[in-house]
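Asks: quick one: sequence plus predicted model below, questions after.
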Amino acid sequence: MRRIVLMLCFVLAVAAAWAGYWHVSGVRERVADAKATPTQRAEKAVPVVLAAVKRMTLPVSFATIGTVQPIASIAVTSQVSGMVSKLSVTDGADVKEGDILIELDTRLIDTQIEEAQAALVKDQANIDKAGRDLARIDKLLAGKFETPENAADAQTTIDLDKAALQTDQAMLHNLEVQREYYTIRAPVSGRIGTVPVRPGSTIVSGQQASPIVTINVFDPIYVTVGIPQKMVADLAEDKAQGLAKVSLTVPGRSEKREGAVTAIDNAANPATGLVTAYASIGNAPALLWPGEIVNVDVIFRDQPDQLTVPDEAVRTNQQGSYVYAVDAHQRAHLKPVVVARNVEGLTVIGSGLEDGDQVVTDGQLLLSDGALVQVKQAMKGG
């Protein structure tokens, strides 16, 4: 038992000696490291991604939201009353100007037209008979067997019959025009909504009549945006030069559509202080639907020679915006910058950088001013 105790004591003494040795060695190394210069210590490079500062032509624009609305929305009503005999469109159909939408029962108007045509035939027969009577009277008048008064009466009869013919011709023309109203056609090209009538339905004309269908013009289509008052004058000037346009996307979709600003409202909204601008957008195939809310960039003009960096390069602290620029010795330097604006993933730099500078776009969290860097990815645009 005593031998075991002695062995344990010996092992513990050896372990304590080794621990003391390593502790003293570690302290010496740390003291030596603290006294060493930066060049004597091994410096680890921070891995970063770089991008080149570039001069580009970029649009002067601002981002907002817009509302899609049709350039025209036509509520189609009937000019005559009648019963629907044929329905030529379905709910939600695309139609072209002049397409037949609905046909009404024409039996009554057709009968009236036949009567008017018969009246013309009768009028012409009366004119022919009156002409023969006048010719006979004129012949007898030459032989002194008729009086001038009878000849004048015969001429009057012809004139009255010709007037009756003109009246009946006008009546026939009126009926033929009304006959066209019994075929209801699309006044514009566009898309219809639901059709509330079916064959057998009765349609009523007049101001109190309900629309048969509503046609929204889909191509082109309007996108309306609210413009701040301070920008309206610039937008109007650029519109006059044909420069103002909008670029838009539908939320959830990547496809872009562009169109010119074609109209600016003549007054500001008192509640918001915004002036409504209208842009005409080509909509074939149909991407935009009336009532939709879309993301819009209102583009005033293109501005050349803009100094740009990717948005990821710019950081902000209490002093303002800054970037890390990397020099030829692979050292990162914190540089304050003035941000002019942001456009499509790029930041326009007002001052603080030069064309061709290399800035860090990833890895800034591990950097300090003067830190050594190592490029872990090919420079964008380098």
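Replies: Sure thing, it's come through.
Asks: touching, residue 56 and residue 306? I think so.
Replies: Yes. Counting by CB atoms under 8 Å, residue 56 does reach residue 306; the two are 5.5 Å apart. Bear in mind the C-beta positions are built from the backbone N, C-alpha and C, glycine included.
Asks: by contact count, what packs against the helix or strand harbouring residue 232?
Replies: Assigned by DSSP states H and E, residue 232 belongs to helix 229-240. With contacts taken as 3 or more CB pairs under 8 Å, 6 or more residues apart in numbering; DSSP states H and E, helix 229-240 sits against strand 256-268, strand 274-281, strand 293-310.
Asks: again, only this time at 6 Å
Replies: strand 256-268, strand 293-310 (3 or more CB pairs under 6 Å, 6 or more residues apart in numbering; DSSP states H and E).
Asks: rewinding a little: who's more crowded, residue 56 and residue 306?
Replies: Remark: of residue 56 and residue 306, residue 306 carries more neighbours, 20 against 13, as counted by other CB atoms under 10 Å.
Asks: just checking, the more buried one touches residue 347?
Replies: No. Counting by CB atoms under 6 Å, residue 306 does not reach residue 347; the two are 10.1 Å apart.
Asks: lowest average confidence, helix or strand, in this structure?
Replies: None of the helices or strands of the chain scores lower by mean pLDDT, DSSP states H and E than helix 2-35, at a mean of 47.
Asks: could you find the closest non-adjacent residue to residue 353?
Replies: residue 53 (5.0 Å; CB to CB, 6 or more residues apart in numbering).
Asks: and that neighbour, what is it in contact with?
Replies: 309, 353, 355, 357 (CB atoms under 6 Å, 6 or more residues apart in numbering).
Asks: assumed the second one was part of a helix.
Replies: Put plainly, it is residue 353. No. Read with DSSP: H, G, I helix; E, B strand; the rest coil, residue 353 is coil and lies in no helix.
Asks: and the gap between residue 135 and residue 129?
Replies: 11 Å (CB to CB, to the nearest Å).
Asks: also residue 114?
Replies: From residue 114 to residue 129 the distance is 23 Å (CB to CB).
Asks: I figured residue 99 hits residue 188, correct?
Replies: No. Contact criterion CB under 6 Å: residue 99 and residue 188 do not qualify, at 10.3 Å.
Asks: what's downstream of the longest helix along the chain, the next helix or strand?
Replies: In the chain, with assignment by DSSP state H, the single longest helix is helix 107-142. Later in the chain than helix 107-142, the nearest helix or strand by DSSP H and E is helix 148-181.
Asks: report the rounded mean pLDDT for that next one.
Replies: The average pLDDT within helix 148-181 is 92.
Asks: what of stretch 251-263?
Replies: Across stretch 251-263, the average pLDDT comes to 90.
Asks: just stretch 135-142 next, same as before
Replies: 84.
Asks: which outside residues touch that stretch?
Replies: Contacts for stretch 135-142 (CB under 6 Å, 6+ apart): 146, 150, 151, 154.
Asks: between the residues you listed, which is nearest residue 318?
Replies: residue 154 (112.6 Å; CB to CB).
Asks: which one is the closest one nearest to, not counting chain neighbours?
Replies: Residue 154's closest residue in space is residue 134 (CB to CB, 6+ apart), at 4.0 Å.
Asks: could you pull up the mean pLDDT of the helix or strand where residue 222 lies?
Replies: Using DSSP H and E, residue 222 maps to strand 221-228. The pLDDT scores in strand 221-228 average 94.
Asks: that strand: partners in the sheet, and parallel or antiparallel?
Replies: Strand partners for strand 221-228, identified by DSSP bridges, are recorded as strand 54-69 (antiparallel), strand 274-281 (antiparallel).
Asks: got those strands as JSON lines, with mean pLDDT and distance to residue 320 columns?
Replies: What follows is the strands paired with strand 221-228, written out as JSON lines (pLDDT from 0 to 100; distance: least, CB to CB, whole Å):
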{"stretch": "strand 54-69", "mean pLDDT": "89", "distance to residue 320": "22"}
{"stretch": "strand 274-281", "mean pLDDT": "94", "distance to residue 320": "30"}
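Asks: nearest to residue 371, out of those?
Replies: strand 54-69 (24.4 Å).
Asks: and the closest one, how far out from the chain's middle?
Replies: Centroid displacement of strand 54-69 relative to its chain, using CA atoms, centre = their mean, to the nearest Å, is 13 Å.
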